[in-house]
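Undergrad: Requesting a structural model of the entry that follows:
(one chain, ligands or ions: 1)
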Amino acid sequence: MPEVMWIPVIYVQTVSIGKALFQLAPSLLLLGFLLWTTKKALSGGAGGIFGQKKKTFKKFNAEKNVKVNFADVAGCDEAKEEIMEFVKFLKNPAKYERLGAKIPRGAILSGPPGTGKTLLAKATAGEAGVPFYSVSGSEFVEMFVGVGASRVRDLFKTARENAPSIVFVDEIDAIGKSRGKGKGMGGNDERENTLNQLLVEMDGFSTSDHVVVLAGTNRADVLDSALLRPGRFDRKIYISNPELEGRKDIFGVHLKKIRLAPSCDLDDLKGRLSALTPGMSGADIANVCNEAALIAARHNEEYVRLHDFEQSIERVIAGLEKKTKLLSPDEKKVVAYHEAGHAICGWYLEYADPLLKVSIVPRGQGALGYAQYLPADIFLYTTQKMLDRMTMTLGGRVSEELHFNSVTSGASDDFEKVTGLAQRMVLQCGMSPKIGTISYTIDRGQDMTKPYSERTAKTIDSEIRRIVDECHERCKNLLIEKADQVELVAQELLTKEVITREDMIRLLGKRPFANRNDAFDKYLAGKDEKGED
Ligand SMILES: Nc1ncnc2c1ncn2[C@@H]1O[C@H](COP(=O)(O)OP(=O)(O)OP(=O)(O)O)[C@@H](O)[C@H]1O
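TA: Residues are numbered from 1 along each chain as shown. Reported below is the predicted structural model:
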């Protein structure tokens, strides 16, 4: 009997454990998963459940053996000269200390994007042969309170331990914005804590800490004055977009990596390319060289040639050709007359920029047509130059008005440029007799109060309108007078889609003004004589 009794008991128990386990399995699995993911997240490993974690634990970039040096940074000689003092100090601090000289603690490198600020900072470390610790200001500002400040502490601790060294904080405006500005955007306390910690670290340096702090920004104007005090970032080095000679040198650096035809005259190529790229930054130039190589590779060419560079410059300026974007025949006609209007104005207005190419193949984001002009590096604009430029910019819309019953939305970008120029003439350049030689800031940020009376506001409005209307009238008269030429250019565009300066000369005769742009003259002369490389 007892034996008989045992069997069912054991049986019942076995069944109940198995069943219980079976019922608990989902909960156990969930618990295990939670434990595993939490551990991963806290250790900051890749794939942690909080995507932020990995970022939080990546403190800064460290490079001990920097290979970049001043030879890699072309065309900003003044900036290099200024920063050279840091190199000399880092290489031989004793020389300065013996004489009781205090070396500046840091420098702000400011300037437009892509002008080589990061590159210059790195090259400074490379020249001095010291480690380079870099971080971006925006990476400092985390969502967790106190993280930014602790990361600043860690960064400076490491830099001190490895001194002599250079710390580079890119986008310093992300933490160093003037403390009165940008309130109410959220996260300001964290930003201020981070900034304060940075100031504390810089103040805490003793002269024996051979650490130089460099910072990069596109907005030096918004920085907190506390940052710029002596003993902190007391050197300000401005790097502008390169001029003709600078661009030539930068092309020199980047063309080294490009496979050019053995017959190619490098000096001549650099001259032509720098003439074609006014306003471009060092980063744009690096991009042009790379794009040219990609274009050549796409066409299975053995070498990268001038026409590849010309295409890549167009691509960098106006975006990729969109051959698949089909315009209706009517739209194509409008674009052709619009571009022909610009082109004719550019040809017959003395101070307009010389034309290089007009196309009605859609490009980039929304551009249906495109005209490439060759602006010189100009530092001073005369009234006449500004008026000619505005008249030429209105050429597209005026041509539409003259040739069609209705106008299109295609000129909105042109209007923005024209209005902007007229505003500058009136508000800043003293080019309106009624406003006189007074300057009113155009961009006042969040400050909505106008620094002038209602009466002056009305005069400003009417002066801006007068200037734009006069340019419009002038443009209209010119395009009526040159209606036959507009027709010729528009028809040529409709047949060929792209026309060049040579086509314009064939259709219209030589431009009635000498080019005032030496680099351009040289480029054209070179091209006419030599043809392609
Ligand atoms: N003066 C220069 N000489 C050679 N190359 C340059 C120069 N300026 C820029 N470049 C090229 O452009 C790239 C980007 O430059 P860099 O990142 O230093 O610009 P930046 O001024 O720091 O830009 P941002 O303000 O956007 O941070 C460089 O890696 C380099 O290839």
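Undergrad: Only C-alpha atoms from now on, for both contacts and neighbour counts.
TA: Will do.
Undergrad: Find me the pLDDT at the residue of the stretch 301-450 of the chain found nearest the ligand, would you?
TA: The nearest approach of the stretch 301-450 of the chain to the ligand comes at Val316, 13.9 Å away (C-alpha to the nearest ligand atom). Per-residue pLDDT puts Val316 at 81.
Undergrad: Helix or strand: which one has the nearest residue to it once chain neighbours are set aside?
TA: Excluding the flanking residues, the one nearest Val316 by C-alpha to C-alpha, 6 or more residues apart in numbering is Val288, at 6.6 Å. For Val288, the enclosing helix or strand under DSSP states H and E is helix 282-298.
Undergrad: ditto for Val213
TA: strand 211-217.
Undergrad: Beyond that strand, next helix or strand please.
TA: strand 235-238.
Undergrad: for the record, mean pLDDT for that next one?
TA: According to the model, strand 235-238 has a mean pLDDT of 88.
Undergrad: Tell me the helix or strand right after it.
TA: Criterion used, DSSP H and E; the element after strand 235-238 is helix 244-255.
Undergrad: Point out the other helices and strands that the helix or strand just after that following helix packs with.
TA: Using DSSP H and E, the next helix or strand after helix 244-255 towards the C-terminus is helix 266-275. Packing partners of helix 266-275 (3 or more C-alpha pairs under 8 Å, 6 or more residues apart in numbering; DSSP states H and E): helix 244-255, helix 518-530.
Undergrad: Comparing the ones you listed by mean pLDDT, which bottoms out?
TA: Among these, helix 518-530 scores lowest, with a mean of 54.
Undergrad: measure the nearest residue to Pro93 once chain neighbours are set aside to the ligand for me?
TA: Leaving aside its sequence neighbours, Pro93 sits nearest to His210 (C-alpha to C-alpha, 6+ apart; 7.6 Å). From His210 across to the ligand, the span is 24 Å (C-alpha to the nearest ligand atom, to the nearest Å).
Undergrad: didn't His210 look like it was pressed against Ala159?
TA: No - assessed by C-alpha atoms under 8 Å, His210 is found out of contact with Ala159, at 9.1 Å.
Undergrad: Show me whatever sits in contact with both of these two.
TA: Ser165 (C-alpha atoms under 8 Å, 6 or more residues apart in numbering).
Undergrad: Show me how far the next helix or strand after the helix holding Val288 is from its chain's centre.
TA: Of the helices and strands lying after helix 282-298 in sequence (DSSP H and E), the nearest is helix 306-318. Relative to the chain's own centre, helix 306-318 is displaced by 18 Å; criterion: C-alpha atoms, centre = their mean, to the nearest Å.
Undergrad: Can you list the helices and strands that helix 306-318 packs against?
TA: Packing contacts for helix 306-318, counted by 3+ C-alpha pairs under 8 Å, 6+ apart, involve helix 282-298.
Undergrad: just the CA coordinates of the helix it packs on, formatted as CSV?
TA: Provided in CSV are the C-alpha atoms of helix 282-298 (Å, rounded to 0.1, in the frame of the first residue of the first chain):
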residue,chain,number,x,y,z
GLY,A,282,39.9,74.9,-47.6
ALA,A,283,37.3,72.2,-46.9
ASP,A,284,35.5,73.0,-50.1
ILE,A,285,38.8,72.8,-52.0
ALA,A,286,39.6,69.4,-50.5
ASN,A,287,36.1,68.4,-51.6
VAL,A,288,36.6,69.7,-55.1
CYS,A,289,39.8,67.6,-55.5
ASN,A,290,38.1,64.5,-54.2
GLU,A,291,35.0,64.9,-56.3
ALA,A,292,37.2,65.4,-59.4
ALA,A,293,38.9,62.1,-58.7
LEU,A,294,35.5,60.4,-58.2
ILE,A,295,34.3,61.8,-61.5
ALA,A,296,37.4,60.6,-63.4
ALA,A,297,37.0,57.2,-61.8
ARG,A,298,33.4,57.0,-62.8
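Undergrad: First-to-last residue distance for stretch 225-240?
TA: By C-alpha to C-alpha, to the nearest Å, the extent of stretch 225-240 from end to end equals 22 Å.
Undergrad: so, in contact with the ligand or not, that stretch?
TA: No - judged by C-alpha under 6 Å from any ligand atom, stretch 225-240 stays clear of the ligand, getting no closer than 8.0 Å.
Undergrad: Next: stretch 274-288.
TA: Yes - applying C-alpha under 6 Å from any ligand atom, one finds stretch 274-288 touching the ligand at 282-283, 286.
Undergrad: Pull out the buried members of these.
TA: By neighbour count, with 16 or more other C-alpha atoms under 10 Å, the residues of stretch 274-288 next to the ligand hold 282, 286 as buried.
Undergrad: could you redo the residues of stretch 274-288 next to the ligand as CSV and give each row pLDDT?
TA: Output for the residues of stretch 274-288 next to the ligand, formatted as CSV (pLDDT from 0 to 100):
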residue, pLDDT
Gly282, 92
Ala283, 93
Ala286, 94
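Undergrad: nearest to Asp173, of the residues of stretch 274-288 next to the ligand?
TA: Nearest to Asp173 among those, counting by C-alpha to C-alpha, is Ala283 at 20.6 Å.
Undergrad: Those residues of the stretch 151-300 of the chain touching the ligand, which are they?
TA: Going by C-alpha under 6 Å from any ligand atom, the residues of the stretch 151-300 of the chain near the ligand are 218, 250, 253, 282-283, 286.
Undergrad: quick one: which of those is nearest Glu97?
TA: Asn218 (33.4 Å).
Undergrad: how much space is there between Ala340 and Ser399?
TA: Ala340 is 8 Å from Ser399, by C-alpha to C-alpha.
Undergrad: If you count surrounding residues, which of those two has more?
TA: Shown here are Ala340 and Ser399; by other C-alpha atoms under 10 Å, Ala340 has more neighbours (30 against 27).
Undergrad: shouldn't the more buried one be in contact with Gln491?
TA: No - using C-alpha under 8 Å, Ala340 is not in contact with Gln491, being 9.0 Å away.
Undergrad: Could you find the closest non-adjacent residue to Thr383?
TA: Using C-alpha to C-alpha, 6+ apart, the nearest residue to Thr383 is Met431, at 7.0 Å.
Undergrad: OK, contacts around the spatially most central residue of the chain?
TA: Note on the chain: the residue nearest the mean C-alpha position is Pro113, at 4.1 Å, using C-alpha atoms, centre = their mean. For Pro113, the contact set (C-alpha under 8 Å, 6+ apart) comprises 218, 281.
Undergrad: Could you check the pLDDT of it?
TA: On the pLDDT scale, Pro113 gets 91.
Undergrad: cool, and Asn188?
TA: 66.
Undergrad: which residues of the stretch 151-300 of the chain score low on pLDDT?
TA: 179-188, 205-208 (pLDDT under 70).
Undergrad: tell me the strands in the stretch 1-150 of the chain, going along the chain?
TA: 61-63, 106-110, 132-136 (DSSP state E, counting those that start in this stretch).
Undergrad: Quick check: buried residues in the first one?
TA: Judged by neighbour count using 16+ other C-alpha under 10 Å, the buried positions of strand 61-63 are Ala62.
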